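From the sequence below, what's the structure:
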Amino acid sequence: MERTATADGAAFSASSGVPPAPEAGGRAPLAPGEGADAGVRAGAAVDADPGLAEVAQLLDGMPRQRGPVPDAGAGGAVVTAAPPETDAAGATVRIPSAARLDARRGPGGSGGAVRAPRPWRLLPDPTGTPFTFGYAVVLAVTSLVARCVDPALMNVLYQGSSTDVAHLVRTPLLVLTGSALWVAGGIASPYALCFLLVLTALERRVGGLRAAGVFLFGHVLATLATEVPVGLAVLGGLLPDSSLHRLDYGISFGVATGVGALSGLLAPWLRWPLLLGFLGMQVPDLIAYTDPMTSWGHLLSVSLGTASWPVVRRWARARVQSPAAATA
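Residues are numbered from 1 along each chain as shown. So this is what the prediction gives:
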């Protein structure tokens, strides 16, 4: 702001002639005639050095930084020169302000650098997704065994690892583990592809141990939720005893839970097509009513995954904030 004359300055010329004491934090007032002499000296300095003309136009006591001198462009428009930049050879070049802003925004102009597509991250690898990669190797081996050995032997293996009521009562841990070693329909099954894509994406977002926990949570809980009612119905006489022995194996319940959990970590334009597409796969089986327990188990598994959204979202935030806890 500009300085103004004070009452003390007026009193100096009217009374004793003794200059008043300077105010706290200010400068002492000028003596009579001193201001004129200072102006003459300043004008002479300006004439001697034309570069000081710009400084002379600044208000006294105005704290500001000197910026570039605006130039008049075509039509009288004011054009501000951009700060100089230096290229690799050391030469000074000027980049227009708009171009510098676009360079900072990146090709997409979104305010940040745009990453190039990395499609290989859709598939598991031993360092980034060790759980999915190792599990996929095991499933590939068991699927190869299922194609090469005698069908009668494979039927015995399937029966021994089936999670029906009879086996769950006798050896629950064994059959719950064994049933997850087979892919119903082989390696070409849609659930095998879903396993690779869904579990890979989920593990990259929440970590290996947590992705394994989501898979086991759906595999175990959906299996019990579909088989326990069968056992109770047999005890109540609503179903025959043969219902206690049925083939029930595969990874589909765990994959369906992974689909539901992963959808909570995706943007809406990916979330809803993923959920609707997977649920649409179950419609033909529900209409055909060939294996209603398995079909309803898939719907239940997706529901379990969507119910875990608050948990998996908290895991994903913790993984972003602390990458060292990726395997926690």
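
Angles on the backbone of residue 265, please.
Main-chain torsions, residue 265, degrees, to the nearest 10: phi -100, psi 0.

Contacts only, for it.
For residue 265, the set of contacting residues under the criterion of CB atoms under 8 Å, 6 or more residues apart in numbering consists of 202, 205, 206, 312, 313, 316. Yep, even glycine has a C-beta here, placed from its N, CA and C like the rest.

Name the nearest residue to the fourth one, sequence neighbours excluded.
Same thing as residue 312. Leaving aside its sequence neighbours, residue 312 sits nearest to residue 261 (CB to CB, 6 or more residues apart in numbering; 4.9 Å).

In this structure the one you found contacts residue 305, no?
Yes - using CB atoms under 8 Å, residue 261 is in contact with residue 305, at 4.1 Å.

Show me whatever sits in contact with both of these two.
Common neighbours of residue 261 and residue 305 (criterion: CB under 8 Å, 6+ apart): residue 214.

rewinding a little: just give the number of residues close to the residue nearest to residue 312.
The number of residues packed around residue 261, counting by other CB atoms under 10 Å, is 31.

With the one 3 residues further on instead?
Neighbouring residues of residue 264 were enumerated by other CB under 10 Å; the total is 18.

Helix or strand for residue 273, just tell me which one.
Secondary-structure assignment from DSSP states H and E places residue 273 in helix 268-288.

what packs against the helix or strand just after that helix?
Elements were assigned by DSSP H and E; along the chain past helix 268-288, the next helix or strand is helix 292-307. For helix 292-307, the helices and strands in contact under the criterion 3 or more CB pairs under 8 Å, 6 or more residues apart in numbering; DSSP states H and E are helix 208-235, helix 252-263, helix 268-288.

Against which helices or strands is the next helix or strand along the chain from helix 292-307 packed?
Where DSSP H and E defines the elements, the next helix or strand beyond helix 292-307 is helix 309-321. Applying 3+ CB pairs under 8 Å, 6+ apart, one finds that helix 309-321 makes contact with helix 190-206, helix 208-235, helix 252-263.

Point out the most buried one among these.
Compared across the helices and strands packed on helix 309-321, helix 252-263 shows the largest average neighbour count, a mean of 28 (mean count of other CB atoms under 10 Å).

on that earlier part again, mind putting the helices and strands packed on helix 309-321 in JSON lines, distance to residue 280 and mean pLDDT included?
Output for the helices and strands packed on helix 309-321, formatted as JSON lines (distance: least, CB to CB, whole Å; pLDDT from 0 to 100):
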{"stretch": "helix 190-206", "distance to residue 280": "12", "mean pLDDT": "95"}
{"stretch": "helix 208-235", "distance to residue 280": "19", "mean pLDDT": "95"}
{"stretch": "helix 252-263", "distance to residue 280": "12", "mean pLDDT": "97"}
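
Could you provide these in a markdown table, with additional columns for distance to residue 122?
Formatted as a markdown table, the helices and strands packed on helix 309-321 follow (distance: least, CB to CB, whole Å):
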| stretch | distance to residue 122 |
| --- | --- |
| helix 190-206 | 6 |
| helix 208-235 | 15 |
| helix 252-263 | 12 |
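
Of all the ones you listed, which one is nearest residue 166?
helix 208-235 (9.0 Å; CB to CB).

Where does the prediction get shaky in the protein?
Where the chain drops to pLDDT under 70, the residues are 1-115, 323-328.

can you rerun that using 90?
Within the chain, the segments meeting pLDDT under 90 span 1-121, 185-188, 239, 242-243, 246-247, 281-293, 295, 319-328.

Just flag the most distant two among the contacts of residue 265.
With CB to CB as the measure, no two of those lie farther apart than 202 and 313, at 12.1 Å.

Could you check how far the residue nearest to residue 312 is from residue 250?
When distance is defined by CB to CB, to the nearest Å, residue 261 is 19 Å away from residue 250.

Alright, that wraps it up for me.
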